[in-house]
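[1] model the structure of this input:
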Amino acid sequence: MSKTVNSTQEATITEVGYVTSLKNYLLVLNGLPNAKINEIIVNQNGVRAIVTSLKDSSIEALLLDNEEIQPNEMFSRTFKQLNVDVGPHLLGRMIDPLGIPIDGKQRFPKSNTTLPLNSVAGGIKTRQFIKQPFETGIIKVDMLVPIAKGQREMVIGSARSGKTSFIIDTIINQKNSKSPVICVYALIGKPLVEVRRIIDTLSVNKALDYTVVVSTASSDPASMIYLTPFVAMTIAEYFQRQARDILLVLDDLGTHAKFYREISLLGSRTPGRESYPADVFSQHAALIERAGNFLPEYGGGSITALPLIETGLDDYASFIPTNLMAMTDGHLMFNSSLYHKGVRPAVDIPLSVSRVGRQTQTVLEKRLADRVKSTLAQATKLEALSRFGSEVSAETQNLLNQGKSVTAILNQAALTKVPRTAQVALLALVFTKFFDGKGDDFVENCKQKVISYFTGNEAKLTPEIAKMQDENQLITYISSLVPELEKTCQQYKT
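    The predicted model follows:
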């Protein structure tokens, strides 16, 4: 060991350690007796590693750089924890978990603000009652499975079921919203081609201006992939403490769990169910618990977390999905069968849950949503029964038609946003005479014109609807607008 003198003329000891064994990116070192968890250590070539485990006679560290290390190489302490440099300069940028830009743009100026990577979630005394809706601009979600600001809502489904498209639409729909939202998007171990596609879509739609992307590719070191969601949450906490509302997307935690399992198995930790380490639940729970709606004395603002997880076909009861269900406030279930039938977004309403979002809805919205869901459920049941008979009653036929109309209205194209007032009016329109006697394609063809009409008259409709507590009163009011709507859609009459 050697002695050096720092800028304050205080003597410090430079501790060093030597690599005794290595397993891919996991290093075991002798020495470094005073090293701390999450401290950065470096070798003479500047290759970095992060200390992850302290044992009696050795320490374990994960390589942060994609470099080859040989036995007996020397690493020394930097006395620096892995903190996250944060600030407004992150908006519109894509970075890796170490805060280094990876979007080809200029490097960041030196930030004076850093936050610890693994802060402890604030207790109940830091939180306030969740009472504001988080508007995605998507009718099916906002009305039937609503999300609130500060809620933790899991997005679950099999591959190619439209989860990522839903997330992209939600981020883009925050543009020009009445209450601006900052988005933090964690891309965890994604293929590079998918990362590029997502970034290009956000950029073309000018959504990067209020978005921070923390990204690791599937080819990056496992240690970097493991750190990605924690860095994203830390960045979200910085903006939340500026009294801002944050949307945090973790895409996806299933991939994160797999890489953490790999790290744990390399470290010879005892495997548990499905070979995952015993602490994978606490890792994710500690992360997700940091989201919420906070009191002004704790920064105000909110973090709405949408952790994603990809499952096998109809395999929702495996270890990681059920863990996440236990630690979130509900889930949006995406169904690949619905997706392949052309349903967008392919959210399976009967299997989706929101335990917090409904408390942000008005009485009118709750009653209208319940009526819509009841209509859908009855129409689905009657449709199956009607296949066995040649004739159905007029009442049954009317219910079937309403079910078709609701399904068509809820089918929303990508990159489209429907304001909340228009959503309420549009669903109420199903229960008027507007769609009676029309062809099957009438709703789909006329829907956009009706949405434009309601959006254009939002200033008039909003105060009128705000007075109502009963969906029948709303339906009567919307019925009075049917003649105007029929003129708007005259060319589509059959």
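
[2] could you point out the longest helix in this protein?
    As assigned by DSSP state H, the longest helix anywhere in the chain is helix 363-386.

[3] now for the helix or strand following that one, which elements pack on it?
    As assigned by DSSP states H and E, the chain's next helix or strand after helix 363-386 is helix 394-410. Other helices and strands packing on helix 394-410, by 3 or more C-beta pairs under 8 Å, 6 or more residues apart in numbering; DSSP states H and E, are helix 363-386, helix 420-429, helix 442-456. Just so you know, the C-beta spots here come from the backbone N, C-alpha and C atoms, and that holds for glycine as well.

[4] how about the helices in the stretch 151-300 of the chain?
    163-172, 192-204, 222-240, 253-266, 280-288 (DSSP state H, counting those that start in this stretch).

[5] single out the most deeply packed of those helices.
    Among these, ranked by average contacts under mean count of other C-beta atoms under 10 Å, first place goes to helix 222-240 (a mean of 25).

[6] what are the phi and psi values for the nearest residue to L295 once chain neighbours are set aside?
    Using C-beta to C-beta, 6 or more residues apart in numbering and skipping residues adjacent in sequence, the residue nearest L295 is Q128, 4.9 Å away. Per-residue torsions, Q128: phi -130, psi 160 (degrees, to the nearest 10).

[7] report the beta-bridge partners for E310.
    Per DSSP bridges, the residues bridged to E310 are G157.

[8] gap between it and M327?
    Look at E310 and M327: by C-beta to C-beta, to the nearest Å, they are 18 Å apart.

[9] pretty sure F108 is touching G99, no?
    Yes: if you go by C-beta atoms under 8 Å, F108 and G99 touch, sitting 7.3 Å apart.

[10] got the contact list for N45?
    The neighbours of N45, taking C-beta atoms under 8 Å, 6 or more residues apart in numbering as the test, are E67.

[11] surely it forms part of a helix?
    No: under DSSP: H, G, I helix; E, B strand; the rest coil, N45 sits outside any helix and is assigned coil.

[12] ok, back up a step: winner for burial among the helices and strands packed on helix 394-410?
    Across these, the average number of neighbours (mean count of other C-beta under 10 Å) peaks for helix 420-429, which reaches a mean of 24.

[13] avg pLDDT for it?
    Averaging pLDDT along helix 420-429 yields 96.

[14] picking that back up, looking at E310 and M327, which one has more neighbours?
    Ranked by neighbour count (other C-beta atoms under 10 Å), E310 and M327 place E310 first, with 21 against 17.

[15] what's near enough to touch that one?
    E310 touches 157-159, 163, 252, 254-255, counting by C-beta under 8 Å, 6+ apart.

[16] what does F108 give?
    F108 sits in contact with 85, 89-90, 93, 99, 101, where contact means C-beta under 8 Å, 6+ apart.

[17] which residues in the stretch 1-150 of the chain form helices?
    Under DSSP H, counting those that start in this stretch, the stretch 1-150 of the chain gives helices at 139.

[18] pLDDT weak spots in it?
    1-13 (pLDDT under 70).

[19] tell me where the model's unsure across the stretch 301-450 of the chain.
    In the stretch 301-450 of the chain (pLDDT under 70), the answer is 313-314, 387-390, 439-440.

[20] the same query, at a cut-off of 80, please.
    The stretch 301-450 of the chain contains residues with pLDDT under 80 at 313-315, 384-392, 437-441.

[21] and for the stretch 151-300 of the chain?
    The stretch 151-300 of the chain contains no residues with pLDDT under 80.

[22] what's the domain layout of this structure?
    Annotated domains of the chain cover 2-80, 85-360, 363-492 [automatic domain parsing].

[23] out of those, which one sits most buried?
    When these are compared using mean count of other C-beta under 10 Å, domain 85-360 is most buried, at a mean of 19.

[24] distance from it to the middle of the chain?
    4 Å (C-alpha atoms, centre = their mean, to the nearest Å).

[25] so who does the residue nearest to L295 touch?
    By C-beta under 8 Å, 6+ apart, Q128 lies in contact with 293-295.

[26] which member of the contacts of F108 is positioned nearest Y18?
    Within the contacts of F108, the smallest distance to Y18 is 28.9 Å, found for G99 (C-beta to C-beta).

[27] state the distance from the closest one to F434.
    Distance from G99 to F434, counting by C-beta to C-beta: 54 Å.

[28] same question, G254
    43 Å.
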